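Peer 1: got a predicted structure plus its sequence, pasted below:
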Amino acid sequence: MSRKSFLLLPLLLALSIPARAADIAGKWTASFDTQIGVQNYTYTFKVDGAKLTGTAESQFGKTEITEGTVKGDEISFVESVNYEGNALKIEYKGKISGDEIKFTRNVADMVTEEIVAKRVK
């Protein structure tokens, strides 16, 4: 093995290891101001490989999380809610950093909100 090949081997091995999903299983809370007032959420996440499931609960009720994925430190999922008789799809995309997740939340392709969820300890 040449010296050049020997130096490249650790790099190739590091690149071949898949990114581990961040440990986000458990409860997280967020409180944020919206067009309809302050919303207080509790998210309960369950992770199986790259698949994310769980619930999102607010003063408006509790819903199942769908279309959830975790890839490295990135998370995404959908919350479908019924607000005053209207079905709304809320899409979340976020980045995990320790005990915090910074989300961009898109409500029915009409409103985008930035929120921060914190791990419940």
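Peer 2: Cool, got the structure. Residues are numbered from 1 along each chain as shown.

Peer 1: shaky segments in the protein?
Peer 2: 1-22 (pLDDT under 70).

Peer 1: which element, helix or strand, includes the residue most central in space within it?
Peer 2: The centroid of the chain falls nearest to residue 75 when counting by CA atoms, centre = their mean (3.3 Å). Here residue 75 sits within strand 74-83, counting by DSSP states H and E.

Peer 1: which neighbours in the sheet does that strand have, and how are they oriented?
Peer 2: Partners of strand 74-83 in the sheet, by DSSP bridges, are strand 61-71 (antiparallel), strand 86-97 (antiparallel).

Peer 1: buried residues in the shortest one?
Peer 2: Neighbour counts using 16 or more other CB atoms under 10 Å place 63, 65, 68, 70 of strand 61-71 among the buried residues. Using the backbone N, CA and C atoms, a C-beta is placed for each residue, glycine as well.

Peer 1: excluding chain neighbours, what is closest to the third one?
Peer 2: If I follow you right, that is residue 68. residue 52 (3.0 Å; CB to CB, 6 or more residues apart in numbering).

Peer 1: make TSV out of the buried residues of strand 61-71 and add distance to residue 28.
Peer 2: What follows is the buried residues of strand 61-71, written out as TSV (distance: CB to CB, whole Å):
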residue	distance to residue 28
63	15
65	12
68	13
70	13
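
Peer 1: now for these, which pair is the farthest apart?
Peer 2: 63 and 70 (18.7 Å; CB to CB).

Peer 1: picking up where we left off before, given the helix or strand where the residue nearest to residue 68 lies, what are its sheet partners and their directions?
Peer 2: Assigned by DSSP H and E, residue 52 belongs to strand 51-58. According to DSSP bridges, strand 51-58 has the following sheet partners: strand 37-48 (antiparallel), strand 61-71 (antiparallel).
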